[in-house]
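Student: With the input below, show me the fold.
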Amino acid sequence: MPTEATDVPRQPAQVPPPLVPGLRGLLTLAVGVVLIAALYFGREVFIPLVLAVLLSFVLGPVVNLLRRLHLGRVPSVIVAVLLALAVIGGIGTVIGTQVAGLAGNLPQYQATVSKKFAGLQAGWLGEANRVISKFSHQVQDATQKADAAGTAASTGPAGDTPKAQLVKVQEPDPSPFTLAEKVLGPIVEPLTTVGIVLVVVVFLLLQREDLRNRMIRLFGSGDLHRTTVAMDDAAGRLGTYFLAQLGMNAAFGVIVGVGLWIVGVPSPVLWGVFSALMRFVPYIGAFISAVFPLALAAAVDPGWSMVIATAALFLVAEPVFGQVIEPLLYGHSTGLSPFAVIVSTLFWGFLWGPIGLILATPFTVCLVVLGRHVDSLEFLDIMLGDRPPLTPIENFYQRMLSGDPDEVRDLAEAMLKERSLSSYYDEVALKGLQLAANDYARGVVTPAQLENIRASSRSLVEDFEDHEDVEPTGKDKAISPNQTPTLAERVHPRNEAVPGQAPSGEALPEGWRGDAPVLCVAGRGPLDEASSAMLAQLLRKHGLGARVAGYRAVSRDGIRDLDLTGVAMVCISYLDISGNPAHLRYLLERLKRRAPGIPVLVGLWPVGEKVLTDAAIGREVGADVYVSSLRDGVEACLRMAIGTEGHRDAA
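Tutor: Predicted coordinates for the structure are as follows:
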């Protein structure tokens, strides 16, 4: 007869060697480098196209509104584009007029600034400047003396230093073509870009459906549903972001313009438009836009009150918009992490300059949506997205390994805001313990780490001793129904709380009225006792007393001393039986001999065990009830307690 071991044998640690990048990885890297180089050297071509695509997202709702008014596709597109052209032209006219007005007053501003600097020179700034100048002269004199000594030593007493010859470069008179290029170049180039953008926008709006079908055919004809969902998600997310951001930035520009007008800063409309445009640059754009109004306020006002008022306007308006209004209106509609926003801003700013700063966030949104729908590009969503990169199970296991019970509890409390305790134990804690048990069996978890996991598990169960197993009221979903879940979130189900409660007092059968009518026995795995503690706690929360017994208490030598006083049912917990139920059958035989007539429930928490699906194997092993979740185990014990008499009569 085979013998049983009371402890799980540990295999020697065998960690596989790190993977060496293969040809596919090198090819992907080469494609990435070529793509970045193409974006950099082809920016003159790509920037107008990208601007046209983004403008088409903004004008799309306008075109849809006009079409609902039965205006027709082509007239709707033309009207929308003409409206955009009018807005762009109006903004350009206002900016030109305001800049011309500022240019006419430059001598006056220069005189005011000179007076201010003269006043500062007479005060502490002048004193500081004199100290710095004195120190600079001393350093210069010492340097000249050292140079003179070195020159005398190299040339000798009679050495003559050649005199420097003055050379004057005379440039030829510019030709008419050169003058025209210098004068008209700064005007023609932006107008050409605007014309290209508007033409491309017209074609994009006219052929939106045809372009969408071509993209589906090119990239996703094999999985039409996923491709359609991905494109709809990208279009909806980008459209929402652009419209919301455009509205918020326009409101910010209006407030800045009105505030500067009240303060008295010249050309407030110009600075309002400039602030609205610069606010498309994440985090720093609004504060950069404050530099020019502050400098102008200093040039206009002989004192400092206008400068202080202008600084206060920006210091109050930007935090209110960024930290209060935006989260209330559209929250995290972009789905980007703050780190991704900063990195993308630096990256696209390097590639495409100022335009890249404005386009950084939309581009990164597209990459995140792509990574959310394409398995092979999931790394984009992990690196750039704001949703959890790890599943709750992986998070649980990682924090258990660290041996910090506070971190484990913090994660659990966050999840218990949206799910019941039994659901958390079943879908997160047990599966995390299974990962730990599997890694220990493979030899990659050290005994010290295993002890950390055991201690954290005990602490976790103790922390939630007073937490009821009920569905939380007013729970907030972690994922909005309108959002596409990440690949990590798709394997994260949520079960309802255990329904029902055991009768109390005299309503229970006589054998179930003790302090602990249910004995929860741990399997022989290193973490089975933790799962038994969770089951015992859930049973107590539903009105059935329970206590935990370790595997040594039911071993061949320990079962003789096992205290079964007041026990009406035995529940055995196994995180893993490794496909071999022989040792489980031997354990059940010992229990049947020691406590005949007591029903036995076996909880096999890994999904897919043959004992759970094969009735013949189940009868051979000998348990009365088999369950695969703590929720089912609690429900089976409740049914057994309420229907004990009928169960015995039927037997």
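Student: Secondary structure of Glu471: a helix, I assume?
Tutor: No. Glu471 sits outside any helix when classified using DSSP: H, G, I helix; E, B strand; the rest coil, being coil.
Student: count of neighbours near it?
Tutor: For Glu471, the number of neighbouring residues by other Cβ atoms under 10 Å comes to 13. (Glycine included, C-beta is placed from N, CA and C.)
Student: Could you list the domains of this structure?
Tutor: With domains defined by automatic domain parsing, the chain comprises 49-106, 208-383, 390-497, 502-651.
Student: Could you dump those domains into CSV with mean pLDDT and distance to Val31 added?
Tutor: Shown next, in CSV, are the domains of the chain (pLDDT from 0 to 100; distance: least, Cβ to Cβ, whole Å):
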stretch, mean pLDDT, distance to Val31
domain 49-106, 82, 20
domain 208-383, 77, 13
domain 390-497, 76, 22
domain 502-651, 81, 39
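Student: how about these in CSV, adding distance to Val33?
Tutor: Shown next, in CSV, are the domains of the chain (distance: least, Cβ to Cβ, whole Å):
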stretch, distance to Val33
domain 49-106, 20
domain 208-383, 13
domain 390-497, 26
domain 502-651, 44
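Student: Compare these and report which one is nearest to Leu198.
Tutor: Nearest to Leu198 among these is domain 49-106; the distance by Cβ to Cβ comes to 5.8 Å.
Student: so how far is that closest one from its chain's centroid?
Tutor: Chain-centre distance of domain 49-106: 34 Å, with Cα atoms, centre = their mean, to the nearest Å.
Student: so how far is the first residue of that domain from its last?
Tutor: Distance between the boundary residues of domain 49-106 (Cα to Cα, to the nearest Å) amounts to 38 Å.
Student: Next: stretch 586-601.
Tutor: With Cα to Cα as the measure, stretch 586-601 spans 15 Å from end to end.
Student: just stretch 416-430 next, same as before
Tutor: End-to-end for stretch 416-430, by Cα to Cα: 15 Å.
Student: Which positions within it qualify as buried?
Tutor: Within stretch 416-430, the residues scored as buried using 16 or more other Cβ atoms under 10 Å are 416, 418-430.
Student: Which members of those occur in helices, if any?
Tutor: Counting by DSSP state H, the part of the buried residues of stretch 416-430 found in helices is Leu421, Ser422, Ser423, Tyr424, Leu430.
Student: For Ser531, list the residues it contacts.
Tutor: Leu430, Leu433, Ala522, Ser573, Leu575, Gly603, Trp605, Leu630 (Cβ atoms under 8 Å, 6 or more residues apart in numbering).
Student: and with 6 Å instead?
Tutor: Ser531 is in contact with Leu430, Ser573, Leu575, counting by Cβ atoms under 6 Å, 6 or more residues apart in numbering.
Student: Give me the neighbour count for the second one.
Tutor: Meaning Ser573. Each residue near Ser573 was counted by other Cβ under 10 Å, and the total is 30.
Student: Follow the chain on from the host helix or strand of it and name the next helix or strand.
Tutor: Assigned by DSSP states H and E, Ser573 belongs to strand 569-574. Proceeding N to C from strand 569-574, the next assigned helix or strand is helix 582-594, under DSSP H and E.
Student: Surely Ile78 forms part of a strand?
Tutor: No. According to three-state DSSP, the state of Ile78 is helix, so it is not within a strand.
Student: For Thr28, which of the domains of the chain is the nearest?
Tutor: Taking the domains of the chain one by one with Cβ to Cβ, domain 208-383 is closest: 9.5 Å.
Student: First-to-last residue distance for the closest one?
Tutor: End-to-end distance for domain 208-383: 31 Å, by Cα to Cα.
Student: thinking again about what came up before, for Glu326, state which of the contacts of Ser531 is nearest.
Tutor: Nearest to Glu326 among those: Leu430, at 39.9 Å, using Cβ to Cβ.
Student: Tell me which residues touch the closest one, please.
Tutor: Residues near Leu430 by Cβ under 6 Å, 6+ apart: Ser531, Trp605.
Student: any idea how far Val461 is from it?
Tutor: Applying Cβ to Cβ, to the nearest Å, the value for Leu430 to Val461 is 12 Å.
Student: got the residue ranges for the strands in the stretch 551-651 of the chain?
Tutor: In the stretch 551-651 of the chain, the strands defined using DSSP state E, counting those that start in this stretch lie at 569-574, 600-604, 625-627.
Student: Make CSV out of those strands and add distance to Phe321.
Tutor: Listed next are those as CSV, based on distance: least, Cβ to Cβ, whole Å:
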stretch, distance to Phe321
strand 569-574, 54
strand 600-604, 54
strand 625-627, 54
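Student: Give me whichever of these is most buried.
Tutor: Comparing the strands of the stretch 551-651 of the chain by mean neighbour count (mean count of other Cβ atoms under 10 Å), strand 569-574 ranks first with a mean of 26.
Student: Can you list the strands that that strand pairs with?
Tutor: strand 518-522 (parallel), strand 600-604 (parallel) (DSSP bridges).
Student: Pull the distance from the last one to the chain's centre.
Tutor: By that I understand strand 600-604. How far strand 600-604 lies from its chain's middle: 40 Å, per Cα atoms, centre = their mean.
Student: tilt between that strand and helix 582-594?
Tutor: In terms of direction (axes from the mean of the first three to the mean of the last three Cα atoms, to 10 degrees), strand 600-604 departs from helix 582-594 by 160 degrees.
Student: Need the residues that contact strand 600-604.
Tutor: Counting by Cβ under 6 Å, 6+ apart, 570-574, 611-612, 623-628, 633, 636 sit against strand 600-604.
Student: Which member of the residues you listed is positioned nearest Ala455?
Tutor: Ser573 (18.6 Å).
Student: Could you report the separation of the closest one from Val53?
Tutor: In this structure, Ser573 and Val53 are 57 Å apart, going by Cβ to Cβ.
Student: Leu71: how many residues sit nearby?
Tutor: 16.
Student: does it sit in a helix, a strand or a coil?
Tutor: Leu71 ends up coil, using three-state DSSP.
Student: returning to what we had before: out of the strands paired with strand 569-574, which is closest to Glu189?
Tutor: Across the strands paired with strand 569-574, Glu189 has its closest neighbour in strand 600-604 (72.1 Å, Cβ to Cβ).
Student: Of the domains of the chain, which is nearest Val202?
Tutor: domain 49-106 (5.6 Å).
Student: check contacts around Met400.
Tutor: Counting by Cβ under 6 Å, 6+ apart, Met400 makes contact with Ile453, Ser456.
Student: same thing but at 10 Å, please
Tutor: For Met400, the residues meeting the contact criterion (Cβ atoms under 10 Å, 6 or more residues apart in numbering) are 407-408, 411, 429, 432-433, 435-436, 449-450, 452-457, 460, 527, 530.
Student: ok so, going back, between the buried residues of stretch 416-430, which is closest to Val63?
Tutor: Distances from Val63 to those, taken as Cβ to Cβ, are shortest for Glu418 (39.5 Å).
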